[in-house]
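# Any chance you can model this:
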Amino acid sequence: MNRWLTLVLMLGLLALGCSKSGPDPEIESVVRAYHAAFDARDLTALRAYCAKGMFWYTLNGKELNASQIADFFTPMLARWESLQTSLSGMEIRREGGLAVARYRSDLHITTNGKGSTMQNLYTTVLVREEGDWKVWQHHMTTSY
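As a prediction, the model looks like this:
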């Protein structure tokens, strides 16, 4: 519960304009690389973008820490023949060692030769850790 309160407070402060917002190539690059690692099914690379104490909140509300990501996604990645995430509408707010990226995606998945597309909304919180930007919280929901 304390983790939620911390996240809500940080997001609230950022939403009130206490931060720098606008294009931020450094943060955008990390977010895009994070999704590219997922699309490549490279869970080792994906975990390398995760901060200590990171949590990924799945569509069904499951909370995953960095060490649980591989166990959760491996069965799905094995079923998916192809996977491609197209990101758009990225809004970034940054204050010191904390950044929040909100964006949309079209997630194209092919299974058994049949393609489908999910439209998603994301909120990703990044922290500066040992000189690099890392994903601390990642929340995804479908827009339909």
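# Pull out the buried residues from stretch 131-141.
Using 16 or more other C-beta atoms under 10 Å as the test for burial, stretch 131-141 gives W133, K134, V135, W136, Q137, H138, H139, M140. Where C-beta positions appear, they are placed from N, C-alpha and C, glycine not excepted.
# Show residues contacting it.
7, 26-27, 30-31, 34, 49-59, 99, 120-128 (C-beta atoms under 8 Å, 6 or more residues apart in numbering).
# Where is pLDDT lowest across the buried residues of stretch 131-141?
Taking the buried residues of stretch 131-141 together, the minimum pLDDT is found at M140 (90).
# so when I look at it, I'm seeing a helix, right?
No. With DSSP: H, G, I helix; E, B strand; the rest coil as the criterion, M140 is located in strand rather than a helix.
# That one and E95: what is the separation?
Using C-beta to C-beta, to the nearest Å, we find M140 at a distance of 23 Å from E95.
# tell me the contacts of H35?
If you count contacts by C-beta under 8 Å, 6+ apart, H35 has them with T85, L87, S105.
# so where do the helices sit in the chain?
With DSSP state H as the criterion, the chain has helices at 2-15, 25-39, 43-48, 69-79.
# rank those helices by pLDDT, which is bottom?
Per-stretch mean pLDDT for the helices of the chain is lowest at helix 2-15 (a mean of 51).
# What is the burial count for E129?
Other residues lying near E129 total 16 when counted by other C-beta atoms under 10 Å.
# meant to ask about A99
The tally of other residues near A99 (other C-beta under 10 Å) stands at 26.
# Show me what it bridges to in the sheet.
With DSSP bridges applied, A99 shows beta-bridge pairing to R94, L126.
# just L83 next, same as before
Counting by DSSP bridges, L83 forms beta bridges with I109.
# got the contact list for it?
F38, D39, R41, L77, L107, H108, I109, T110.
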